[in-house]
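J.: Next come a sequence and a model predicted from it.
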Amino acid sequence: MTDRFIFFNPNREGKLVGDCVIRSLCAVLQLDWDEIFLRLSMLAFEMSDMMDSNIVWGRFLNLYGYIQMSVIDKGVGPYTVYDFCMDHPRGKYILGTGIHAIAVIDGFYYDTSDTGNERIIFYYEKGRYV
């Protein structure tokens with residue numbers, strides 16, 4: 001376990017149900033699990049897609065003023081969740097690995113397991129001009 005990991009599971013039943021997108025959105029947007037679940041499922045329905053599809057939760061974040069950013073290859077190997085936290089000590093972000101979403105708030109990552117070594121390929125940050 002790293003010094004940047006904070007256990008976070010807002011599921012009201014405490015279940016571990018593959019809801020990383022919902023958990024991450026709860027942390028960053030400061031809304032409860034039920035609220036995110038309902039809003040995200042309605043958007044997924046409108047888009048005829050699944051709630052955990054990158055395109056669906058990406059559009060959901062866009063509604064809150066977040067924009068997707070690519071990870072720039074620094075040529076030093078995989079850019080991990082931990083690396084991102086060290087480089088971003090302020091702000092709220094959601095990181096994407098392609099199959100997992102992780103919330104980062106002020107340099108700490110919020111998840112149900114220590115995902116600090118996972119490689120990220122994109123992230124969402126609050127748009128500066130939105």
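T.: That came through fine.
J.: partner residues bridging the most centrally placed residue in the chain?
T.: Centroid-nearest residue in the chain, with Cα atoms, centre = their mean: I94, separated by 3.0 Å. Residues in a beta bridge with I94, per DSSP bridges, are A103, Y124.
J.: Name the nearest residue to G127, sequence neighbours excluded.
T.: Nearest residue to G127, sequence neighbours excluded (Cβ to Cβ, 6 or more residues apart in numbering): I67, at 4.4 Å. All C-beta atoms are positioned from the backbone trio N, CA, C, and that covers glycine.
J.: Relative to the whole chain's centre, how far out is whichever strand or helix holds the one you found?
T.: In the assignment (DSSP states H and E), I67 maps to strand 66-70. Strand 66-70 sits 11 Å away from the centroid of its parent chain (Cα atoms, centre = their mean, to the nearest Å).
J.: try stretch 114-125
T.: Computed by Cα atoms, centre = their mean, the separation of stretch 114-125 from the middle of its chain amounts to 8 Å.
J.: Alpha carbons of it, as PDB, please.
T.: This file holds the C-alpha atoms of stretch 114-125, laid out as PDB (Å, rounded to 0.1, in the frame of the first residue of the first chain):
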ATOM      1  CA  ASP A 114      -4.500  -0.100  -4.100                       C
ATOM      2  CA  THR A 115      -4.300   0.700  -7.800                       C
ATOM      3  CA  GLY A 116      -1.200   2.900  -7.600                       C
ATOM      4  CA  ASN A 117       0.800   0.800 -10.000                       C
ATOM      5  CA  GLU A 118      -1.900   0.700 -12.700                       C
ATOM      6  CA  ARG A 119      -1.000   2.400 -16.000                       C
ATOM      7  CA  ILE A 120      -3.200   5.300 -17.000                       C
ATOM      8  CA  ILE A 121      -4.000   6.200 -20.600                       C
ATOM      9  CA  PHE A 122      -6.300   9.200 -20.100                       C
ATOM     10  CA  TYR A 123      -7.800  11.400 -17.500                       C
ATOM     11  CA  TYR A 124     -10.600  14.000 -16.900                       C
ATOM     12  CA  GLU A 125     -10.000  17.300 -15.400                       C
END
